[in-house]
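Colleague: Predicted model follows, preceded by the sequence.
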Protein chains: 2
Amino acid sequence: MNPTAAMLVIGDEILSGRTRDANMFHLAGRLTKMGIILKEVRVVSDEASEIVHAVNELRRKFEHVFTSGGIGPTHDDITADNVAAAFGVSIGPRQDAIDILATNYENGHTELNAARMRMTRIPDGAELIDNPISKAPGFTIGNVHVMAGVPKIFEVMLDNLLTKITGGDPIVSESVRLNVPEGDVAEPLKLIAHSFPMLSIGSYPFSNTEGYGTNIVMRGTQATLVARAASKVREVFNVT
Amino acid sequence: MNPTAAMLVIGDEILSGRTRDANMFHLAGRLTKMGIILKEVRVVSDEASEIVHAVNELRRKFEHVFTSGGIGPTHDDITADNVAAAFGVSIGPRQDAIDILATNYENGHTELNAARMRMTRIPDGAELIDNPISKAPGFTIGNVHVMAGVPKIFEVMLDNLLTKITGGDPIVSESVRLNVPEGDVAEPLKLIAHSFPMLSIGSYPFSNTEGYGTNIVMRGTQATLVARAASKVREVFNVT
């Protein structure tokens, strides 16, 4: 079986077009490799009610929710508070998070001003996610995993987190490239897709200087079925 | 006033990590320039119930919904049918869409096989969105604008669509780069943010070979306020 997941990206900078999100693509690839099916992504603004609503909807619908963004020291970093609100638990600075964060500064605890202390606020009952780069931890509460938005920090947090999460049956995929326009591929492909109901078979058009073509991608957890579908596609479209 | 918008990206290929979405970043930038506030983005899979649910939730919540993906000729292109279902209207091949699509093929209407005819299925009451590249049109129904997923086609459809949509007050932004770590910026910045409640003031950390720094971005529709907030940030952090 394959666990399901959603991602929640929090941040005005993505929605305003200032920043191009990179974490979604990274997470999608990592989860697919582990056999965890990413079923939905949402991007919401830095508004309390939006975050609470999205966290609650997604955590009830999917087995895991991965968030990115909004856990820094500034006034617009409101993710931790609103994840706590979504779970109806209290939040405050936690000693283990304080001690970890202090290791990021030359003069340790003395450099933990009020703003940096914001980053030690952890919802009650959460477990920390290690951040070897800038130390301020992420956390897991229930099935929600809260991580930083800065891509290199998101990625190391995810590395640590994924060692603790159980994946599913590996998802195998095979791609067949056809030099045939999608409109000519569609009808025979539909029949093939119908005869392999256990697989997800997608069709992705491309164009280059030689004209139009289509990539057919077969995906599923049964490697023999994927291989058989790929052979069938090659046979039907005379790919040697 | 500024109209609000949501984006709905439809496609397994984004969620599986096969394809990196490019349309969100493009749309976000275009809408911001027009003074339309992108408030939420969702990415859902090629599943009927997911598309219907997302379309209905977003179209009720925001003034515009822009969709990308799932309007091609293959079995996995199910967006048009499910947008029709979300609105409770019927859908079928429409003569104007058929005639437009035929112009894409050397032999015109005779090349419109059943698969290509799928691309002429338009929900009742919709208005077509022009696609000068591959002709198969997008459409607007109510406040939902349905476009292709292939980025260059999405972009030309959007060009055409946006000429028909009324924007809002232009959003002005100014950015100040500080060579100060975010944790030292946060407290003074919070006071500045509180004294400019009409602006959205964001703080984005960066690191380079010289150490840590922070970009402060002020955004709003009142240019004089944005300029004043930027001056205040420069003054407080001694930026010359």
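Modeller: Perfect, thanks for sending it. Worth saying up front: this structure is predicted, and the values here are computed from it rather than measured.
Colleague: What separation is there between residue A:5 and chain B?
Modeller: Applying CB to the nearest CB, to the nearest Å, the value for residue A:5 to chain B is 9 Å. Bear in mind the C-beta positions are built from the backbone N, C-alpha and C, glycine included.
Colleague: How many neighbouring residues does that residue have?
Modeller: For residue A:5, the neighbour count with other CB atoms under 10 Å in any protein chain shown is 25.
Colleague: ok, for it, nearest residue in space, not its chain neighbours?
Modeller: residue A:64 (4.1 Å; CB to CB, 6 or more residues apart in numbering or on different chains).
Colleague: Can you give me the domain boundaries for chain A?
Modeller: Chain A is divided into the following domains under automatic domain parsing: A:4-162, A:172-236.
Colleague: Tabulate these (TSV), appending mean pLDDT.
Modeller: Below are the domains of chain A laid out as TSV (pLDDT from 0 to 100):
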stretch	mean pLDDT
domain A:4-162	96
domain A:172-236	94
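Colleague: and of those, who's closest to residue B:237?
Modeller: Proximity to residue B:237 (CB to CB) singles out domain A:4-162 among the domains of chain A, at 13.4 Å.
Colleague: Next up, the contacts around the residue most central in space within chain A.
Modeller: For chain A, the residue nearest the mean C-alpha position is residue A:27 (3.6 Å; CA atoms, centre = their mean). Residues near residue A:27 by CB atoms under 8 Å, 6 or more residues apart in numbering or on different chains: A:7, A:38, A:66, A:68, A:158, B:17.
Colleague: ok so, going back, quick one, which of the domains of chain A is packed in tightest?
Modeller: Among the domains of chain A, domain A:4-162 has the highest mean neighbour count (mean count of other CB atoms under 10 Å in any protein chain shown), at a mean of 20.
Colleague: mind listing the helices for chain A?
Modeller: Along chain A, the segments classed as helices by DSSP state H run A:12-15, A:23-34, A:48-61, A:79-87, A:95-102, A:114-118, A:151-162, A:182-195, A:223-236.
Colleague: Serialize those to CSV and add fields for distance to residue A:1.
Modeller: Formatted as CSV, these follow (distance: least, CB to CB, whole Å):
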stretch, distance to residue A:1
helix A:12-15, 32
helix A:23-34, 13
helix A:48-61, 17
helix A:79-87, 26
helix A:95-102, 34
helix A:114-118, 39
helix A:151-162, 18
helix A:182-195, 23
helix A:223-236, 16
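Colleague: between those helices, which gets nearest to residue B:228?
Modeller: The closest of the helices of chain A to residue B:228 is helix A:12-15. By CB to CB, the value is 20.2 Å.
Colleague: Identify the residues contacting that closest one?
Modeller: Residues from elsewhere that reach helix A:12-15 (CB under 8 Å, 6+ apart): A:19-21, A:43, A:45-46, A:69, A:76, B:24, B:28, B:37-41, B:200, B:202, B:204, B:217, B:219.
Colleague: Please apply the same query to stretch A:232-240.
Modeller: Taking CB under 8 Å, 6+ apart as the rule, stretch A:232-240 contacts A:176-178, A:180, A:185, A:188-189, A:192, A:195-196, A:216, A:218.
Colleague: Can you give me the first-to-last residue distance of it?
Modeller: Stretch A:232-240 stretches 12 Å from its first residue to its last (CA to CA, to the nearest Å).
Colleague: Centre of the chain to that stretch, how far?
Modeller: 34 Å (CA atoms, centre = their mean, to the nearest Å).
Colleague: do the same with stretch A:153-172
Modeller: 10 Å.
Colleague: With only the CA atoms kept, save it in CSV.
Modeller: Extracted in CSV, the C-alpha atoms of stretch A:153-172 (Å, rounded to 0.1, in the frame of the first residue of the first chain):
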residue,chain,number,x,y,z
ILE,A,153,17.2,24.2,4.8
PHE,A,154,13.9,22.6,3.6
GLU,A,155,16.0,19.9,1.9
VAL,A,156,18.1,19.0,4.9
MET,A,157,15.1,19.0,7.2
LEU,A,158,13.4,16.7,4.8
ASP,A,159,16.4,14.4,4.7
ASN,A,160,16.2,14.0,8.5
LEU,A,161,12.4,13.7,8.6
LEU,A,162,12.2,11.0,5.8
THR,A,163,14.4,8.6,7.7
LYS,A,164,11.5,8.4,10.3
ILE,A,165,8.7,8.0,7.8
THR,A,166,7.6,4.7,6.4
GLY,A,167,7.3,4.6,2.6
GLY,A,168,5.1,2.4,0.5
ASP,A,169,5.5,0.0,-2.4
PRO,A,170,8.1,1.5,-4.7
ILE,A,171,6.6,3.3,-7.7
VAL,A,172,8.1,2.2,-11.0
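Colleague: Alright, I will stop here.
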